[in-house]
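[1] my questions are about this predicted structure, shown below with the sequence.
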Amino acid sequence: MVRHESETAEAVLQGDNIKDVKKRILIGPKDGLDGFLRVFTVSPGGHTPHHKHNWWHANYILEGKGKIIIGDKEYPIEKGSVAYIKNNTMHQFVNTGDTDLKLICLVSENGDSY
């Protein structure tokens with residue numbers, strides 16, 4: 001399977017404590033992956049919810065800058081940063097820059113759905 005990011009559907013995320021976040025599922029179980037490889041784009045001033053769940057995250061920052069809150073600690077992030085978030089750990093991505101914050105997020109199969 002080979003495809004381009006632009007060939008995947010972009011979803012605008014909505015809900016409590018989410019601001020200006022878009023998501024694309026690049027590869028998932030329908031493609032044979034035992035998980036989901038996703039790309040998130042967080043607009044300047046935007047953020048994901050401050051939340052936790054039963055699955056882990058592996059993240060790679062493609063562009064932009066911001067911060068990630070993991071537990072009770074804040075970490076600056078920028079292009080090239082990587083982060084691993086254990087399951088059941090509070091976390092949040094915040095764009096503190098003036099351009100989009102774009103990141104890859106890999107989660108287990110129960111970490112997303114189509």
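    Yep, that arrived. Residues are numbered from 1 along each chain as shown.

[2] end-to-end on stretch 15-31?
    One end of stretch 15-31 to the other measures 28 Å (Cα to Cα, to the nearest Å).

[3] buried residues in that stretch?
    Residues of stretch 15-31 classed as buried by neighbour count (16 or more other Cβ atoms under 10 Å): 18, 20-28. C-beta here means a position set from N, CA and C on the backbone, and glycine is covered the same way.

[4] quick one: low-confidence ranges for this protein?
    Within the chain, no range satisfies pLDDT under 70.

[5] re the thing from before, out of the buried residues of stretch 15-31, list just those in strands.
    The strands, defined by DSSP state E, take in 20-27 from the buried residues of stretch 15-31.

[6] re the thing from before, what is the nearest of the buried residues of stretch 15-31 to residue 95?
    residue 20 (7.8 Å; Cβ to Cβ).

[7] give the contact list for that closest one.
    Going by Cβ atoms under 8 Å, 6 or more residues apart in numbering, residue 20 touches 42-47, 95.

[8] my guess is residue 32 contacts residue 1. True?
    Yes: contact criterion Cβ atoms under 8 Å: residue 32 and residue 1 qualify, at 7.3 Å.

[9] what residues does the strand of greatest length in the chain touch?
    In terms of residue count, the longest strand belonging to the chain (DSSP E) is strand 35-47. Residues outside strand 35-47 that contact it (Cβ under 8 Å, 6+ apart): 5, 17-29, 48, 62, 64, 66, 92-95, 97-109, 111-112.

[10] how near is the spatially closest residue to residue 27 that is not a sequence neighbour to residue 104?
    Setting aside the residues directly before and after it, residue 27 is nearest to residue 37 in space (Cβ to Cβ, 6 or more residues apart in numbering), at 4.3 Å. For residue 37, the distance to residue 104 equals 7 Å [Cβ to Cβ, to the nearest Å].
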